[in-house]
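Chemist: show me the folded form of this:
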Amino acid sequence: MNEAARREFFTRLRAADPHPRSELDYASPFELLVAVVLSAQSTDKGVNRCTARLYPVANTPAAIASLGVEGVTPFIASLGLYRNKAKALVGLAGILEREHGGEVPRTREALERLPGVGRKTANVVLNVAFGEPVIAVDTHTFRVANRTGLAPGRDVVEVERKLERTTPEEFLRNAHHWLILHGRYVCVARSPKCGECIVADLCEFKDKNLPGTKPKAAPKAKPGVRKPASPPPPPPRGRQPMAKTSRAGARRGRAR
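Modeler: Numbers count the residues shown, from 1 in each chain. I've put the predicted structure just below:
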């Protein structure tokens with residue numbers, strides 16, 4: 001995708017949603033960090049249901065650390081990998097208390113040293129909580145970037161670097177939200193809603209799922225061409241069967 005198309009791509013996404021925001025519920029950088037850690041292999045709605053019960057009880061590093069793994073687990077047991085997530089939350093809460101004065105650090109390096117925090121989670125916190133112009137690449141963003149030709153790459157780091165290098169500066173702050181939401185609701189993994197897409201004419205995806213189009217049929221065999229018959233199975237190993245005349249002669253011999 002060239003520079004002009006890329007600018008138009010984000011211009012349209014911005015016009016449709018001028019003030020995008022995370023679909024995770026949070027009221028502080030720490031609550032956001034907890035929610036993003038919990039969101040791994042879980043839906044935002046599922047996470048929000050859990051944090052709605054957890055945060056009134058514990059929404060600070062000190063409170064989470066005080067609960068301990070056994071205390072946190074019942075609040076998040078409906079999520080996938082909840083045991084690992086409980087250990088990560090208590091572990092990162094302890095580190096924040098001991099090393100950061102109970103505050104969420106504002107550098108990727110410090111964030112990635114926390115249990116349960118990888119590059120994507122760190123970028124979400126930096127962008128959403130602190131307004132840094134970084135782009136977190138999850139499965140939705142990765143799919144949109146590759147499918148549309150916006151920033152194709154073999155892995156999430158390559159896509160992230162391409163997006164941050166080629167996205168016009170005025171869109172960097174919210175590009176993360178626009179791409180995730182577009183991938184979540186329009187450019188979905190199966191049967192993308194190309195007929196509803198506001199950037200379909202800019203998208204470089206060849207097999208668009210547009211109204212009136214049919215999936216490509218499998219190629220038919222040419223008329224008059226028959227599939228060659230399968231060769232007969234090999235005879236069993238060991239003693240070979242006798243010919244008909246030989247079997248008859250053997251029977252006559254035994255009858256005598």
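Chemist: buried stuff in stretch 146-155?
Modeler: Asn146, Arg147, Thr148, Gly149, Leu150, Ala151, Gly153 (16 or more other Cβ atoms under 10 Å). Heads up, the C-betas are built off the backbone N, CA and C, glycines and all.
Chemist: can you give me the helices for the stretch 51-200 of the chain?
Modeler: 61-76, 82-99, 108-112, 119-124, 139-148, 156-166, 169-185 (DSSP state H, counting those that start in this stretch).
Chemist: thinking again about what came up before, out of the buried residues of stretch 146-155, the closest to Arg98 would be?
Modeler: Distance to Arg98 across the buried residues of stretch 146-155 (Cβ to Cβ) is lowest for Gly153, with 37.2 Å.
Chemist: who are the contact partners of the closest one?
Modeler: Gly153 is in contact with Phe142, Ala145, Asn146, Val159, Arg161, Lys162, counting by Cβ atoms under 8 Å, 6 or more residues apart in numbering.
Chemist: pLDDT score assigned to the first one?
Modeler: We have a pLDDT of 96 for Phe142.
Chemist: got the contact list for it?
Modeler: Residues near Phe142 by Cβ under 8 Å, 6+ apart: Gly153, Val156, Val159.
Chemist: ok, these vs Ser78, which is closest?
Modeler: Ranked by distance to Ser78 (Cβ to Cβ), these are led by Val156 at 27.1 Å.
Chemist: wait, isn't that closest one in contact with Val137?
Modeler: Yes. Val156 is within contact range of Val137, at 4.3 Å (criterion: Cβ atoms under 8 Å).
Chemist: need the overlap of contacts for those two.
Modeler: Lys120.
Chemist: just to revisit the earlier point, can the helices of the stretch 51-200 of the chain go into CSV with extra columns for distance to Glu204?
Modeler: Formatted as CSV, those follow (distance: least, Cβ to Cβ, whole Å):
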stretch, distance to Glu204
helix 61-76, 40
helix 82-99, 38
helix 108-112, 31
helix 119-124, 25
helix 139-148, 6
helix 156-166, 14
helix 169-185, 15
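Chemist: of the contacts of Gly153, closest to Leu54?
Modeler: Closest to Leu54 out of these is Phe142 (29.3 Å), distances taken as Cβ to Cβ.
Chemist: for the closest one, give its distance to Pro18.
Modeler: Per Cβ to Cβ, to the nearest Å, Phe142 is found 25 Å from Pro18.
Chemist: quick one: low-confidence ranges for this structure?
Modeler: 213-256 (pLDDT under 70).
Chemist: repeat the analysis, applying 80 as the threshold.
Modeler: In the predicted model of the chain, residues 212-256 satisfy pLDDT under 80.
Chemist: check which residues of stretch 81-100 are buried.
Modeler: Of the residues in stretch 81-100, those buried (16+ other Cβ under 10 Å) are 82, 85-97.
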